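Student: okay, here's the prediction I keep looking at, along with the sequence it came from:
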Amino acid sequence: MAPQVKRITINDIREMKSRGEKITMITAYDYSTAKLVDKVGIPLILVGDSLGMVVLGYENTLPVTMDVMIHHSKAVVRGTEHALIVGDMPFMTYTISAEDALRNAARFIQEAGCQAVKLEGGVTVAANVKRIVDCGIPVMGHIGLTPQSINQLGGHLVQGKKQSAAEKLVDDAKALEDAGAFAVVLESVPARLAALITQHLTIPTIGIGAGPNCDGQVQVVTDTLGLSDFIPKHAKQFAKLAEIEEQALKAYLDEVKAGTFPTKENSYIIDNAVLDAVKAKLQ
């Protein structure tokens, strides 16, 4: 029997911060992508509610439901053996009450097979975070630009530029740490403020548009692979797969129309006697 592959745990993530080892995280929404991410050794996969935009074509993340997230999370879990899978709790699934938050978080663990959940907010959700953690479910926090609050924030704006807002982010980060979160995402936060928060937390910070001095980084996979129409400031295209895919699809279209695909190499054979018998029956 082959030895079982050890899956990354939240303790491994904490130890990476202790060692000063940078933590890499990326989104994945399907089996095939998750399998590739796991193969290259990225330790954290976020099944992000960003799938609402990059997979389902919504304007924002707000229409994404628990059932949608569970469906995609199951696929990602099936594609991995090594990475720690974090399920992103969608809009209004963790804010109504602590019991509601716990019930929905449990679905990610029990139904989807995730090892942790992520939710947005700081002080306002800290009590619910504590309830979830106390019941044995690891929680990753998310502060700064919180996309589920896009209507309240007035757009995709950098957060924490003014003193009061910067102090609130510090308070939010500490509240999440005190509530038992094992890590916190800092999104669209000025780099020096993110560095300061990182220095004053014992849990890892994972930045996205928060500069190079967070303990780790997270990116949306479609941005990273060059599959998105719009590339935000904080992202980098490490490949331009959209161009390659377009060229491949155009070549497929051209060859089918020209009759050059499929060829004999792409076709299956049948015994002559069988075919002759079928022909005879048709006559």
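Tutor: Ah, there it is. Because the structure is predicted, anything quoted here is derived from the model rather than measured.
Student: who's in contact with Gly226?
Tutor: With contact set as C-beta atoms under 8 Å, 6 or more residues apart in numbering, Gly226 has these partners: Gln237, Phe238, Ala239, Lys240, Leu241, Ala242, Glu243. For glycine as for every other residue, the C-beta is placed from the backbone atoms N, C-alpha and C.
Student: again, only this time at 10 Å
Tutor: Ala235, Lys236, Gln237, Phe238, Ala239, Lys240, Leu241, Ala242, Glu243, Ile244, Glu245 (C-beta atoms under 10 Å, 6 or more residues apart in numbering).
Student: name the element the second one belongs to?
Tutor: Just to be clear, that refers to Lys236. Assigned by DSSP states H and E, Lys236 belongs to no helix or strand.
Student: among the contacts of Gly226, name the buried ones.
Tutor: Among the contacts of Gly226, those classed as buried by neighbour count (16 or more other C-beta atoms under 10 Å) are Ala235.
Student: quick one: which of the contacts of Gly226 is nearest to Ser188?
Tutor: Within the contacts of Gly226, the smallest distance to Ser188 is 11.7 Å, found for Ala235 (C-beta to C-beta).
Student: quick check: the closest one touching Gly209?
Tutor: Yes - between Ala235 and Gly209 there is a contact at 8.3 Å, judged by C-beta atoms under 10 Å.
Student: so the nearest residue to Gly87 once chain neighbours are set aside: helix, strand or coil?
Tutor: The spatially closest residue to Gly87, leaving aside those adjacent along the chain, is Phe108, at 3.6 Å (C-beta to C-beta, 6 or more residues apart in numbering). Here Phe108 is helix, with the state taken from DSSP: H, G, I helix; E, B strand; the rest coil.
Student: Phe108 against Ile137, yeah?
Tutor: Yes - contact status for Phe108 versus Ile137: in contact at 7.9 Å, counting by C-beta under 10 Å.
Student: which one of the two is surrounded by more residues?
Tutor: A side-by-side neighbour count of Phe108 and Ile137, using other C-beta atoms under 10 Å, places Phe108 first with 28 against 21.
Student: give me every residue that touches the more buried one.
Tutor: With contacts defined as C-beta under 10 Å, 6+ apart, Phe108 is in contact with 47, 66, 69-70, 73-74, 77, 85-89, 93, 114-118, 137.
Student: next one: Ala210
Tutor: By C-beta under 10 Å, 6+ apart, Ala210 lies in contact with 144-145, 158-160, 185-191, 193-195, 197-198, 217-218, 234.
Student: how about Val220?
Tutor: By C-beta under 10 Å, 6+ apart, the contact list for Val220 reads 26-29, 46, 48, 50-51, 53-54, 208, 227-228, 231-232, 234-235.
Student: what comes up buried for the worst-scoring helix or strand of the chain on mean pLDDT?
Tutor: When the helices and strands of the chain are scored by mean pLDDT, DSSP states H and E, helix 150-153 comes last with a mean of 82. Residues of helix 150-153 classed as buried by neighbour count (16+ other C-beta under 10 Å): Ile150.
Student: show the pLDDT at Glu120.
Tutor: Each residue has a pLDDT score; the one for Glu120 is 97.
Student: grab the nearest non-local neighbour of it.
Tutor: Computed as C-beta to C-beta, 6+ apart, the closest residue to Glu120 that is not its neighbour in sequence is Thr146, at 3.9 Å.
Student: residues in contact with the one you found?
Tutor: The neighbours of Thr146, taking C-beta under 10 Å, 6+ apart as the test, are Thr61, Leu119, Glu120, Gly121, Gly122, Gln152, Leu153, Gln159, Asp172, Val185, Glu187, Ser188.
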